[in-house]
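Engineer: Curious how this folds, go ahead:
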Amino acid sequence: MCAPDRELYSPTMDTRGPSAPFLLEASGLTRQLPARRGEPDRHAIRDVSLTMRTGEVLGLLGLNGAGKSTTLRVLSGCLVPHAGSVHIDGHDLAGEPLAARAALGYLADAPALYDGLRVSDQLALAARLRRLPRKAIGPAVDAAIEECDLTKAARQRCGTLSRGFRQRVGIAQAIVHDPRVVLLDEPGNGLDPRQMQQMRELVHRLGERRAVLLSSHLLGEVQASCTRIAVLHHGALIAERSLQELAGDGQTLAELFASLLETGAPGEVAGDGRSRGHDGHDDDDDDGGGGGGGRRYAP
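Structural biologist: Numbering: from 1, shown residues only. Here you go, the predicted model:
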């Protein structure tokens, strides 16, 4: 969570439309899995390319083990790709990691919170780790609390919060430095219907002046929250469409998803529908390390 001191985001920086610059641009991302003797190379993700602009909420859709979490870890700089590049707000994540991460907020699948800290103190800690100027920390925490609707929970200790509130605190922590790009890994997992609706409303607010990418295997969550979808299958991106295009074709998201999984990823045998990764694990595959070939990201 390191980032240099910088000016907070200003609405005058907000540009939209097809001619607007990309806030997130990923090209040819590939992450290999550990080699097994006598077996061909395996990949957690292979040749994944994505672009996003202000005001877009992109849903990265796929079965468990498809490579969604690995993709977000690579985009956030937590994992090094063996091939490909990532640019955040025009900054190369490998060559300019501090500037790129200053424009990036990331919520992992489980928020990293200190149970003994009050919500406001947790966010102040996150702001300090983001190297916000001392005078900016209070206003930044207040803004994140307001945007994530945490006013009533601000003085509660994180360990007493429900899962829904913990997810919102995790998002507040990810946006306390007011990034232009926000990555959310399965933000709706484990939420009850009321909490899910609140999460959808929050994602809409986040997307009003940012680029937001969320991963999910829940079709309803993506349908209600996103403006575009990208489908990941066996580590490969097999489709990317706007929900407006989908509606114009008279096809539901469920129908598109089912047809794509039957077809399978390019160059791969179609999946058998089991929620398993390349090496048989239920979660997204990776060796957990940051090593590998290609360019290195600074810690």
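
Engineer: Against Ala172, how distant is Ala153?
Structural biologist: 10 Å (CB to CB, to the nearest Å). (Each C-beta comes from the backbone N, C-alpha and C, glycine too.)

Engineer: Find the residue ranges of this protein scoring beneath the pLDDT cut-off.
Structural biologist: 1-19, 263-299 (pLDDT under 70).

Engineer: returning to what we had before: neighbour-wise, which of Ala153 and Ala172 wins?
Structural biologist: Ala172 (29 against 22; other CB atoms under 10 Å).

Engineer: quick one: which helix or strand includes the more buried one?
Structural biologist: helix 163-175 (DSSP states H and E).

Engineer: Following element in sequence after that helix, please.
Structural biologist: Next element after helix 163-175 (DSSP H and E): strand 181-185.

Engineer: Give the partner strands of that following strand in its sheet and their orientations.
Structural biologist: Strand 181-185 has its sheet partners listed here by DSSP bridges as strand 104-107 (parallel), strand 211-216 (parallel).

Engineer: coming back round to it: please identify every residue contacting each of Ala153 and Ala172.
Structural biologist: Residues touching both Ala153 and Ala172 by CB atoms under 8 Å, 6 or more residues apart in numbering: Val119.

Engineer: what pairs with the spatially most central residue of the chain across the strands?
Structural biologist: Nearest to the mean C-alpha position of the chain, by CA atoms, centre = their mean, lies Leu183 at 2.5 Å. The partner list for Leu183 in beta bridges (DSSP bridges) reads Tyr106, Leu213.

Engineer: can you tell me how far the closest residue to Ser242 other than its chain neighbours sits from Thr54?
Structural biologist: Among residues not flanking Ser242 along the chain, Arg228 sits closest, at 4.8 Å (CB to CB, 6 or more residues apart in numbering). Distance of Arg228 to Thr54, given as CB to CB: 13 Å.

Engineer: ditto for Cys148
Structural biologist: In terms of CB to CB, Cys148 sits 20 Å off from Thr54.

Engineer: The two: who's more crowded?
Structural biologist: Shown here are Cys148 and Thr54; by other CB under 10 Å, Cys148 has more neighbours (26 against 20).

Engineer: Double-check that one against Leu202; I have them as touching.
Structural biologist: Yes - judged on CB atoms under 8 Å, Cys148 makes contact with Leu202 at a distance of 6.1 Å.
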